[in-house]
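K.L.:
Show me the folded form of this:
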Amino acid sequence: MPRSPQSPACPARAASTVLALALLGACTAPAPTHKGEVQGAEASTQEWGQSDINRVATIAMRENLQALYRLADKLYRRNPAEWRKGGAPGRDEAVARLRAAIEQRSGWAPLQQRRDIDALALALSPEYADDRVAAFIHAVADMLIAAHGGKTEFFLIDGLDAQHLYNAARNLETAVWMLAQRRNARGGPLLLADEINAQERNLSYEREFGKIIARLDLLAQVTTEKYRRAVIGYVQGLAGGTFLQFLPVR
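P.N.:
The predicted structure is shown next:
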């Protein structure tokens with residue numbers, strides 16, 4: 001017996017089913033996670049004395065110091081014995097004291113008033129017995145500020161040395177490696193930081209240090225191009241003023 005032709009309603013019914021399933025899937029899909037928004041700094045009159053590169057350098061330095069304060073807090077959480085060595089009543093107080101010393105550009109007494117890379121070498125020596133978290137973060141901050149000419153804010157009269165910024169990035173890479181590889185007198189790590197084992201994979205310290213290094217490298221690259229871009233911008237301004245003007249048509 002010949003097969004009966006397919007009913008015209010069947011394709012329409014199938015299409016309706018597919019559309020309903022698609023709409024159901026869209027309704028049940030999880031909402032996108034909100035991961036924050038870009039936060040710009042408040043406008044200030046100081047910006048009138050800053051070029052674009054000055055502003056970039058100021059923001060990069062601010063972000064690098066904030067990253068170091070976060071790292072200090074994270075390191076104290078994993079190494080609570082360190083803030084106790086320094087005599088602080090708690091972790092928050094230890095971070096606040098360290099932050100004040102960095103921003104006031106005062107030395108750190110347990111580092112024997114050493115600064116820059118000399119302080120960093122002492123903070124990472126196996127025999128160092130004081131608060132190693134404070135010593136390490138203070139030394140890194142001091143080294144970064146030294147690489148920026150001893151300043152944390154930059155204006156038209158200020159200049160940056162690209163090679164010093166590049167060297168600071170390499171120094172930080174070396175310091176992070178030493179922190180992970182060196183052992184203290186008891187055979188343990190200098191500080192507990194990143195951890196990879198069968199139960200967890202915590203690389204938050206490495207990511208934070210990586211951001212600092214990336215900002216330093218980017219600023220070094222931008223600084224090397226500053227004068228060349230100034231000349232190009234001047235020439236572009238002349239060309240635009242001369243050739244890129246509309247002419248009257250009536």
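
K.L.:
All the helices of the protein, residue numbers only.
P.N.:
With DSSP state H, the ranges of helices along the chain come out as 9-28, 52-78, 80-85, 91-103, 116-123, 132-147, 162-181, 204-243.

K.L.:
Worst mean pLDDT among these?
P.N.:
For the helices of the chain, the weakest mean pLDDT is recorded on helix 9-28, namely a mean of 60.

K.L.:
ok, back up a step: if we compare the helices of the chain, which one ends up closest to residue 192?
P.N.:
Residue 192 sits nearest to helix 52-78 of all those, at 4.3 Å, using Cβ to Cβ. C-betas here are computed from N, CA, C, even on glycine.

K.L.:
which parts of the closest one are buried?
P.N.:
53-58, 60-61, 64-65, 67-69, 71-76 (16 or more other Cβ atoms under 10 Å).

K.L.:
which of the helices of the chain is buried the deepest?
P.N.:
Across those, averaging neighbours per residue (mean count of other Cβ atoms under 10 Å) puts helix 132-147 on top, at a mean of 24.

K.L.:
Now do it: which elements does it pack against?
P.N.:
Judged by 3 or more Cβ pairs under 8 Å, 6 or more residues apart in numbering; DSSP states H and E, the packing partners of helix 132-147 are helix 52-78, helix 80-85, helix 91-103, helix 116-123, helix 162-181, helix 204-243.

K.L.:
Quick one: list the elements packing against the first one.
P.N.:
It refers to helix 52-78. Right, helix 52-78 is packed against helix 80-85, helix 91-103, helix 132-147, helix 204-243 by 3+ Cβ pairs under 8 Å, 6+ apart.

K.L.:
and it with helix 91-103, angle?
P.N.:
Between helix 52-78 and helix 91-103, the angle comes out at 150 degrees (axes from the mean of the first three to the mean of the last three Cα atoms, to 10 degrees).
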